[in-house]
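[1] model this:
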Amino acid sequence: MTVAITASDILPYSLSILYTESENSLHLSAVSVLGPAAPLLAEAGEDLVLPCSLQPNISAVDMMVEWTRTDRTDTDNLVHLYEDHTDIYYDQMKSYRGRTTLFKEELQKGNTSLKLSEVQTSDEGVYKCLVKSASWYDDITVHLVEVKGKSNGILNISV
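    A predicted model of the protein is given here:
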């Protein structure tokens, strides 16, 4: 028997507790999604990793991993979706097509970070990493506050 309890209504962050009973033994483990403590800065045209991982480091291979933009008011906010062992691009925002990847070899270790290639100034914003299994879910927010450098072939110079 497996029971999942989520305490997101009580705590300032979400903590999921997974209780498993098997072969006359009980196992209790807390699973949560972790992200960066500080906002991220990026250089236009460079690649950037948006950190997100499971604690403890359990496999996310069989889980859903969804990256979205939470600062957008429209429904077009999907940055990347991994589900059923597959990257799904059908509903992905056009501006992110061909620029997002998960570290597939790292999913086994609980690493659900997103690599964003060729960062653009339009990528500045608030991102959410949602990880969901059959019995629990949790998410974190990642702030990409500033992208410096070239934008559309023009070099931005601050004085």
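[2] in the chain, which ranges drop under the pLDDT threshold?
    Across the chain, residues meeting the criterion (pLDDT under 70) sit at 1-29, 150-159.
[3] Tell me, how many residues neighbour the nearest residue to E43 once chain neighbours are set aside?
    Once flanking residues are discounted, E43 sits nearest to G149: 4.8 Å by Cβ to Cβ, 6 or more residues apart in numbering. Bear in mind the C-beta positions are built from the backbone N, C-alpha and C, glycine included. If you count neighbours by other Cβ atoms under 10 Å, G149 ends up with 14.
[4] same deal with E106?
    Around E106 there are 14 other residues, counting by other Cβ under 10 Å.
[5] same thing with E43?
    Residues lying near E43 (other Cβ under 10 Å) number 13.
[6] And for F103?
    F103 has 13 nearby residues by other Cβ under 10 Å.
[7] quick one, what contacts L41?
    145-148 (Cβ atoms under 8 Å, 6 or more residues apart in numbering).
[8] With P51 as the reference, measure out to the residue nearest to E43.
    21 Å (Cβ to Cβ, to the nearest Å).
[9] SS state for the residue most central in space within the chain?
    Nearest to the mean C-alpha position of the chain, by Cα atoms, centre = their mean, lies C129 at 2.6 Å. Following DSSP: H, G, I helix; E, B strand; the rest coil, the label given to C129 is strand.
[10] Report the contact partners of it.
    33, 35, 50, 52, 65-67, 112, 114, 139-140, 142.
[11] For D76, see how far away the nearest residue to it once chain neighbours are set aside is.
    In this structure, C129 finds its nearest non-sequential neighbour in C52, 3.6 Å apart by Cβ to Cβ, 6+ apart. Going from C52 to D76 by Cβ to Cβ gives 21 Å.
[12] With neighbour numbers in mind, choose between the two.
    Set C52 next to D76 and count neighbours by other Cβ under 10 Å: C52 wins out with 26 against 12.
[13] unless I'm mixing things up, the more buried one is touching G35, no?
    Yes - under the criterion of Cβ atoms under 8 Å, C52 makes contact with G35 at 5.2 Å.
[14] what's the overlap in contacts for the two?
    With Cβ under 8 Å, 6+ apart, C52 and G35 have common neighbours 129, 140, 142.
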